[in-house]
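Just to be clear, the model below is a prediction. Sequence and coordinates:
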Amino acid sequence: MYDPLLDESLGCNAPYPTSYWADVSGKAPKNDGQLKKDITADVAIIGAGYTGLSTALHLAREHGIKATVLEANRTAWGASGRNAGFILKSSGRKPYASMQSQWGEEVMRGIYQEMCAGVDTVKSLIAEGINCDPQESGYIRVAHKPAMLKSLLATAALQKKMFGYDIQEISREQLHQDYMADQNAYGAIRYKDGFGINPLKLAWGYQKLAQQAGVTIHCDSPVNKWHQELSNKKGRQSQTLQVLHTPAGIVKAKKVVIATNGYTAKNFHPIIKNKSLPVLSQIIVTQPLTQEQLAACNFLTRNVIMDTRALKYYYRKLPDNRILFGGRGAITGKNAEDPYYAKRLLTVLKTSYPSLSQLRYDYAWSGWLSMSLDDMPRVYHNEQKNIFYAMGYCGSGVSFSVQAGKRLAEKVAGVAVPNLPIYQTPLATFPFAPLRRAGQWGYFQYGKIKDRWL
C-alpha cells in the first residue's frame, strides 16, 4: 500500500479500495478526465477530497474564482472515501480545557464555534440534495472501564458550563437497555448532534455541486513535479507562477492550494515537509446482523459510537444492519493489508458483543490520516500568500475539512479569517522527524498499557 513517509508518488488512475463504501455507493460522477494539455489558472487545487472540493466550491460560489482541481487518482480516493463517516463537532485530539489553558477562553470558544460551523456547513450542503444516507443524530462516548466514566462525566460538566452543550449522562444499565449492550461499556455520555453518513457519497455530492458552480476537476492527473517561474509579459510587472507538471499536461497557476492531508507524497513541497505524521486507521464491516443477533446484543441505536481508550475504537450500525468497526491499523503501508489488523478488530468487537461469536466481516480496508504535532489542524500559507494548505485533522476531518476549505477559499481570495491559532500559525515541524515511526510505535505500546492498566 502507498506510504506517505516512503513514497514520492501516489500513483495514477488507481481504483478505489475494496471497501464497503465503494461497493454500495453506485457509479462515480463524471469528472473532466485527465489533463492532456498545458493550461493557465488563477488557482490550482491539488487533491479532490473534502478539503479540495470545499475550497473549489466556496471559491466559485462566494468569490467568483473558478479553480482547477488536480487529483492523482479519483475523487475521494484518499481519506475522504475511506473513513467511518462520523460527522462530529470535533477539533482534532486537543481537549477544550487544554485550549483554554494554552490560548485563553476567547480563543477556545472561537475554535469551538469553527467546529460547530463545520457541521452546519456539511448539513447545509447535504440539504442541497446530496444523497449520502444520513442516519439518526446522536454521538455516544462510552467509558471502556469504570474509572473512565468519572472522566467522561467531568468532560460533560465542563462542556455544559463552557458552551451550554446539551449532553446526556447515561449509566451502564441505561446504555445496555436503551442503546446497545456493549459489555466493554461502563456508562457513557451522549451528544445529540453527531451523526453518520456514507463518506464517499458525500464527497461525490460535493463534486457535483462544485462542477455545477463551474469548477474543473481533472482526475488521473498527479502533480509529479513542481517549480516556480517568473511570468514575462510586456508592459506588466513580472509575477511568480507555480508550474505543476502532470503526466500529460502542465498547469501554470498564480496560487496553489495543497489539499492532500494524509495522502501527501514524501518530499512533495517544503512548506509541509515533516509537519505531519501519517497514521493508518483500519476499518471492518461485518456481515448483516439478523434480527435474532440484534436482539441478542440489544443493538437498538444507529448513533455513532466511540470509546475512551488512548487507542480508540469506534463503531456504528449501518443502514443494512452491518456493524462498521474501526481502530488503529499497521504502522507502515507495507503491512497495511495484513489480515491480522482486521481480525484483531473483529476479536475486540466480539468481546463487546459475545453473542456475535460466529460473526464474520465482509469488508476490510485501511486509510491514512494526518496527525499534527500539537493535535490541532492548521489552515495556512507561505509569506508570499501564493501557496496554501490545510492539514493535520487528526482523524476528525469529515466535517471540519469542509470548514477548512471555506477558510482556505477566503485566504486565497484575500478575505480576513478569524484570528485563531489554527488559521494564523503554521503546522509545527516534528522534531527528529526521521524517527516519527519509532515514536508512533512507542505511543502504541504506551496506549496498550494505559488502556488496560492505568
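The structure has been received and is ready for your questions. Just so we're clear, the structure is a prediction, and the values are computed from it rather than from any experiment.

which residues in the stretch 301-450 of the chain form helices?
Listed in chain order, the helices found in the stretch 301-450 of the chain under DSSP state H, counting those that start in this stretch are 339-352, 397-413, 421-424, 436-453.

Could you single out the most deeply buried of those?
Ranked by mean neighbour count, the helices of the stretch 301-450 of the chain are led by helix 397-413 with a mean of 26 (mean count of other CB atoms under 10 Å). Quick note: C-beta positions are derived from backbone N, CA and C, even for glycine.

For V223, which three-state class applies?
Of the three states, V223 takes coil under DSSP: H, G, I helix; E, B strand; the rest coil.

Could you identify the longest helix within this structure?
Scanning the chain for the longest helix, with DSSP state H as the assignment, gives helix 105-126.

just the angle between it and helix 397-413, please?
Per axes from the mean of the first three to the mean of the last three CA atoms, to 10 degrees, the angle that helix 105-126 makes with helix 397-413 is 100 degrees.

What helices and strands are in contact with the next helix or strand after helix 105-126?
The element immediately downstream of helix 105-126 (helix or strand, assigned by DSSP states H and E) is strand 139-142. Judged by 3 or more CB pairs under 8 Å, 6 or more residues apart in numbering; DSSP states H and E, strand 139-142 is in contact with strand 188-191, strand 304-307.

Distance to Q174 added to those, as CSV?
Shown next, in CSV, are those (distance: least, CB to CB, whole Å):
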stretch, distance to Q174
strand 188-191, 9
strand 304-307, 15
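
which regions of the stretch 1-150 of the chain sit below the pLDDT cut-off?
The stretch 1-150 of the chain contains no residues with pLDDT under 70.

same question, the stretch 201-350 of the chain
233-236.

do you know which of the helices and strands packed on strand 139-142 lies nearest K94?
Nearest to K94 among the helices and strands packed on strand 139-142 is strand 304-307 (16.0 Å), distances taken as CB to CB.

S171 contacts I189, doesn't it?
No: the pair S171 / I189 is not scored as a contact, 10.9 Å apart, by CB atoms under 8 Å.

Show me which of these two is the more surrounded one.
Comparing S171 with I189 by other CB atoms under 10 Å, the one with more neighbours is I189, at 22 against 12.

okay, S352: pLDDT?
Per-residue confidence (pLDDT) for S352: 98.

ok, it touching Q183?
Yes: S352 is within contact range of Q183, at 5.6 Å (criterion: CB under 8 Å).

Now do the contacts for L311.
Going by CB atoms under 8 Å, 6 or more residues apart in numbering, L311 touches G327, R328, F444, G447, K448, D451.

To clarify, my last question referred to T425.
T425 touches R378, Y380, counting by CB under 8 Å, 6+ apart.

mind putting the helices of the stretch 301-450 of the chain in a markdown table, distance to G262 included?
Shown next, in a markdown table, are the helices of the stretch 301-450 of the chain (distance: least, CB to CB, whole Å):
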| stretch | distance to G262 |
| --- | --- |
| helix 339-352 | 17 |
| helix 397-413 | 9 |
| helix 421-424 | 17 |
| helix 436-453 | 13 |
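
Spatially central residue for this structure, please.
The centre of the chain sits closest to G397, judged by CA atoms, centre = their mean, with a distance of 3.2 Å.

Can you point out the buried residues in stretch 212-224?
For stretch 212-224, the neighbour count (16 or more other CB atoms under 10 Å) marks A213, V215, T216, I217, H218, C219, D220, S221, P222, V223 as buried.

Repeat that for stretch 147-160.
Within stretch 147-160, the residues that count as buried by 16+ other CB under 10 Å are M148, L149, L152, L153, T155, A156, L158, Q159.

Surely L280 is in contact with G327?
No: with contact defined as CB under 8 Å, L280 does not count as touching G327 (10.4 Å).

What segments of the stretch 1-150 of the chain are strands?
Secondary structure of the stretch 1-150 of the chain by DSSP state E, counting those that start in this stretch: the strands cover 39-46, 68-70, 86-87, 139-142.

Run through who's touching the third one.
By CB under 8 Å, 6+ apart, the residues outside strand 86-87 that reach it are 119, 122, 134, 139, 194-197, 304, 306, 314, 316, 398-399.

what would those look like in a markdown table with distance to H245?
Output for these, formatted as a markdown table (distance: CB to CB, whole Å):
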| residue | distance to H245 |
| --- | --- |
| V119 | 38 |
| V122 | 34 |
| P134 | 40 |
| Y139 | 43 |
| G194 | 42 |
| F195 | 41 |
| G196 | 40 |
| I197 | 36 |
| V304 | 41 |
| M306 | 42 |
| Y314 | 39 |
| R316 | 42 |
| V398 | 31 |
| S399 | 34 |
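
returning to that earlier point: right, and the helices of the stretch 301-450 of the chain - which one's nearest N13?
Between N13 and those, the shortest gap by CB to CB is with helix 397-413, which sits at 23.9 Å.

so of the buried residues of stretch 212-224, which ones are in strands?
Judged by DSSP state E, the subset of the buried residues of stretch 212-224 located in strands is T216, I217, H218.

of these, closest to Y112?
Distances from Y112 to those, taken by CB to CB, are shortest for I217, at 32.7 Å.

Which strand residues bridge the closest one?
Here I217 sits in beta bridges with V69, going by DSSP bridges.

list the contacts for it?
Listed by CB under 8 Å, 6+ apart, the contact set of I217 reads N31, D32, A48, A56, V69, E71, T75, Q207, A210, Q211.

Narrow those to those that are buried.
Buried, going by 16+ other CB under 10 Å: N31, A48, A56, V69, E71, T75, Q207, A210, Q211, out of those.
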